[in-house]
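Undergrad: dropping a prediction and its sequence here:
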Amino acid sequence: MMRFDLLCVTLFIAIVVGAQPSNILLICVDDLRPELKSFGASHMHTPNIDRLAQSGRAFHRHYVNAPTCGASRYTLLTGTYGPSNNQALFRRAEQMSKDPDAVTPSMPEWFRANGYTTVSVGKVSHHPGGWGGALWNDKSILEMPGAWDRQLMPIGDWISPRGAMHSLAHGEIRRGKTWTEFKMDTFQSAEGSDSIYHDGLIAEEGMTQLEALSVGEKPFFLAIGFIKPHLPFGSPRKYMEPYAEIELPPIPHPTKPDRKTTWHDSGEFFNQYSHGGADPRVDSEYADKVRRHYMACITYVDKLVGDLLAKLHELGQANNTIIILWGDHGWHLGEHAIWGKHALFEESLRSPLIISTPELKLPGKHTYAVVETVDIFPTLCDLAGLPLPKFAKGVSLKSQIIDPYAKGHEAYGYFRKAKTIRTSTHRLIYHQDGYIELYDHRSLEKETKNLAALDPQTTNRLLALLKERFPAESD
């Protein structure tokens with residue numbers, strides 16, 4: 001069936017059955033590891049996200065499919081696996097321009113075809129705003145053609161979406177022709193309101209769009225993407241207050257692996273930002289500062305999430321809106337001697353996922369079911385009463401939303417020359433050259449001891465599942 005015909009059929013079905021689908025509010029947070037109080041981090045100050053978890057279902061074992069922004073957002077927004085680089089969605093757009101029928105609809109495109117008004121604000125796809133060009137503001141180059149009725153990126157004093165992506169307070173941006181030509185400070189706490197950093201403007205525009213969409217005749221799919229806590233770790237000074245005097249938990253397994261892994265030397269962190277000669281891998285005092293500023297960024301975003309949810313209630317839309325909070329991947333704060341993402345360890349791949357629906361049973365009860373980002377597309381269709389996308393690689397999580405004790409399934413991931421599978425007990429990483437890592441998460445060693453040679457039965461079973469999921473790329 002042709003692409004256009006498929007979309008028309010889904011719209012026709014929705015109209016015929018007389019479905020009254022709920023609104024969708026999707027909140028994406030960049031580089032958000034599950035260091036939230038509601039996910040077990042008692043030292044964190046995240047009251048608004050915690051309240052969302054109390055009214056929804058928090059997935060404590062949610063795994064992204066790729067530990068980098070563009071590739072992870074590709075899986076969220078298409079429900080399929082794709083390239084492992086940040087240009088994944090732009091490559092899809094190029095393919096669409098050559099042969100639209102060869103590309104399946106994106107999630108916002110699917111909802112749009114089923115009668116929704118779709119709007120994005122901030123960093124929802126890889127580029128904030130969703131455009132290409134040298135400054136990421138060329139509106140003739142779309143990252144996701146056909147997806148949005150409106151796509152918005154307030155830039156304030158930050159000149160362009162690219163400027164806002166890598167920025168500090170009061171319009172300070174990273175300049176230079178290359179990423180390393182001008183190194184910004186790694187962290188900052190400036191005095192001022194929420195809007196002295198760009199995420200404050202994203203929240204303001206998000207609330208403006210909520211107001212406009214709430215008086216519309218059609219249901220809405222509103223996606224809002226916050227950039228913090230992405231580097232540099234800058235936030236208004238007041239958000240450092242909860243972390244000024246507290247004792248932080250020690251960094252688990254902080255040493256570099258002594259074996260082959262997907263470890264890297266944290267190039268983004270060290271090469272693109274200034275550290276004044278300090279190195280958190282050997283300087284515990286500096287590591288402590290970096291961690292506290294990262295945490296302050298999370299508390300800053302938590303406040304903005306609270307503003308959005310308060311506006312949703314104020315507008316009377318809370319009882320008819322499905323809310324999703326999703327972190328696009330994790331972030332190492334010294335674990336395995338990594339400061340960043342881009343690895344296939346737990347810290348890179350595990351991120352928060354919270355889904356709240358008006359009809360939720362047992363709200364506040366979290367689930368330990370293993371799930372993955374590609375599940376979100378079919379889940380939202382299922383919850384909203386839309387036809388399920390048969391091309392999606394994930395499965396609906398409605399069973400876990402109904403019953404927090406329902407079982408999950410394997411989660412798959414990939415980056416560059418390696419792929420991984422995560423079960424409720426193990427992680428296997430398969431390298432392109434045939435090398436295998438196997439970790440038992442029931443053990444105290446977790447991902448510090450490779451058991452592949454010691455447990456061939458588990459290794460072979462998980463390797464078979466991984467090759468079944470990605471048959472075209474198997475040896």
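TA: Sure thing, it's come through. Numbering: from 1, shown residues only.
Undergrad: pull out the CA atoms of stretch 273-284 and give them to me as CSV.
TA: C-alpha atoms of stretch 273-284 as CSV (Å, rounded to 0.1, in the frame of the first residue of the first chain):
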residue,chain,number,x,y,z
TYR,A,273,34.8,22.3,27.1
SER,A,274,37.3,24.0,29.3
HIS,A,275,38.4,22.4,32.6
GLY,A,276,41.2,24.7,33.6
GLY,A,277,43.6,21.8,33.7
ALA,A,278,41.5,19.7,36.0
ASP,A,279,40.6,16.1,35.3
PRO,A,280,37.7,14.5,37.2
ARG,A,281,39.2,11.1,36.6
VAL,A,282,42.0,11.9,39.0
ASP,A,283,40.7,15.0,40.8
SER,A,284,37.9,14.0,43.2
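Undergrad: which residues are contacting that stretch?
TA: For stretch 273-284, the surrounding residues in contact (CB atoms under 8 Å, 6 or more residues apart in numbering) are 183-186, 231-232, 254, 270, 286-287, 290, 334, 337, 339. No exception for glycine: its C-beta is placed from N, CA and C like everyone else's.
Undergrad: show me which pair in those is furthest apart.
TA: The span of those, defined through CB to CB, is set by 184 and 254 at 25.3 Å.
Undergrad: can you give the contact residues for stretch 440-449?
TA: Contacts of stretch 440-449 with the rest of the structure, by CB under 8 Å, 6+ apart, involve 253, 257, 336, 345, 346, 425, 426, 427, 439, 451, 455.
Undergrad: distance between the ends of that stretch?
TA: One end of stretch 440-449 sits 8 Å from the other (CA to CA, to the nearest Å).
Undergrad: where do the helices sit along the chain?
TA: In the chain, the segments counted as helices under DSSP state H are 3-16, 47-55, 69-78, 88-98, 107-113, 161-165, 198-214, 267-272, 284-314, 346-349, 376-384, 398-402, 456-469.
Undergrad: highest neighbour count among the contacts of stretch 440-449?
TA: Of all the contacts of stretch 440-449, the highest neighbour tally under other CB atoms under 10 Å goes to residue 345, namely 27 neighbours.
Undergrad: dump the residue contacts of that one.
TA: 261, 262, 332, 335, 336, 338, 447 are the contacts of residue 345 under CB under 8 Å, 6+ apart.
Undergrad: and if you look at residue 144?
TA: Residue 144 neighbours (CB under 8 Å, 6+ apart): 77, 89, 92, 93, 106, 108, 109, 125, 130.
Undergrad: can you redo the residues you listed as a markdown table with neighbour count, distance to residue 59 and pLDDT?
TA: Output for the contacts of residue 144, formatted as a markdown table (neighbours: other CB atoms under 10 Å; distance: CB to CB, whole Å; pLDDT from 0 to 100):
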| residue | neighbour count | distance to residue 59 | pLDDT |
| --- | --- | --- | --- |
| 77 | 29 | 18 | 98 |
| 89 | 26 | 24 | 98 |
| 92 | 22 | 26 | 98 |
| 93 | 22 | 30 | 98 |
| 106 | 28 | 22 | 98 |
| 108 | 27 | 22 | 98 |
| 109 | 21 | 25 | 98 |
| 125 | 30 | 22 | 98 |
| 130 | 28 | 26 | 98 |
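Undergrad: from those residues, which is closest to residue 246?
TA: residue 125 (35.9 Å).
Undergrad: thought the closest one was touching residue 89?
TA: Yes. Residue 125 lies in contact with residue 89 (CB atoms under 8 Å); the separation is 5.2 Å.
Undergrad: shared neighbours of these two, anything?
TA: 70, 73, 77, 143, 144.
Undergrad: how many residues are close by the fourth one?
TA: A count of neighbours around residue 143, defined by other CB under 10 Å, yields 27.
Undergrad: residue 396: what's it in contact with?
TA: By CB under 8 Å, 6+ apart, the neighbours of residue 396 are 375, 378, 379, 381, 382, 388.
Undergrad: pLDDT wise, what is the closest residue to it other than its chain neighbours at?
TA: Excluding the flanking residues, the one nearest residue 396 by CB to CB, 6 or more residues apart in numbering is residue 382, at 4.0 Å. With respect to pLDDT, residue 382 scores 97.
Undergrad: ok, now how distant is residue 382 from residue 60?
TA: Between residue 382 and residue 60 the computed distance is 21 Å (CB to CB, to the nearest Å).
Undergrad: and for residue 445?
TA: 21 Å.
Undergrad: does residue 415 really touch residue 343, like I thought?
TA: Yes. The pair residue 415 and residue 343 passes the contact test of CB under 8 Å, sitting 7.5 Å apart.
Undergrad: name the residues contacting each of those two.
TA: Going by CB under 8 Å, 6+ apart, residues that sit against residue 415 and also against residue 343 are 67, 262.
Undergrad: surely residue 170 touches residue 156?
TA: No. The criterion here is CB under 8 Å, and residue 170 misses it with residue 156 at 9.3 Å.
Undergrad: more crowded one of these two?
TA: Taking other CB under 10 Å, residue 170 and residue 156 do not tie; residue 156 has more neighbours (18 against 12).
Undergrad: return the residues in contact with the residue nearest to the more buried one when sequence neighbours are not counted.
TA: Spatial nearest neighbour of residue 156, chain neighbours left out: residue 201 (5.1 Å); criterion: CB to CB, 6+ apart. By CB under 8 Å, 6+ apart, the contact set of residue 201 is 154, 155, 156, 195.
Undergrad: which one of these is nearest residue 431?
TA: Among the contacts of residue 201, and counting by CB to CB, the member closest to residue 431 is residue 155, at 40.9 Å.
Undergrad: now the helices of the chain as CSV including distance to residue 224?
TA: Shown next, in CSV, are the helices of the chain (distance: least, CB to CB, whole Å):
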stretch, distance to residue 224
helix 3-16, 24
helix 47-55, 14
helix 69-78, 13
helix 88-98, 18
helix 107-113, 13
helix 161-165, 14
helix 198-214, 4
helix 267-272, 24
helix 284-314, 7
helix 346-349, 23
helix 376-384, 15
helix 398-402, 22
helix 456-469, 31
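Undergrad: those: lowest mean pLDDT?
TA: helix 3-16 (a mean of 41).
Undergrad: picking that back up, contact partners for the residue nearest to residue 396?
TA: Contacts of residue 382 (CB under 8 Å, 6+ apart): 388, 396, 398.
Undergrad: nearest to residue 101 among these?
TA: residue 388 (20.3 Å).
Undergrad: go through stretch 390-402 and flag the buried ones.
TA: Across stretch 390-402, burial judged by 16 or more other CB atoms under 10 Å covers 392, 393, 394, 395, 396, 397, 398, 399, 400, 401.
Undergrad: will you turn these into TSV that also has distance to residue 31?
TA: Output for the buried residues of stretch 390-402, formatted as TSV (distance: CB to CB, whole Å):
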residue	distance to residue 31
392	25
393	24
394	22
395	27
396	27
397	23
398	29
399	30
400	25
401	26
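Undergrad: and the two most separated of these?
TA: Counting by CB to CB, the most remote pair of the buried residues of stretch 390-402 is 393 and 401, 19.4 Å apart.
Undergrad: hang on, residue 71 packs against residue 88?
TA: Yes. Counting by CB under 8 Å, residue 88 is a contact partner of residue 71 at 4.8 Å.
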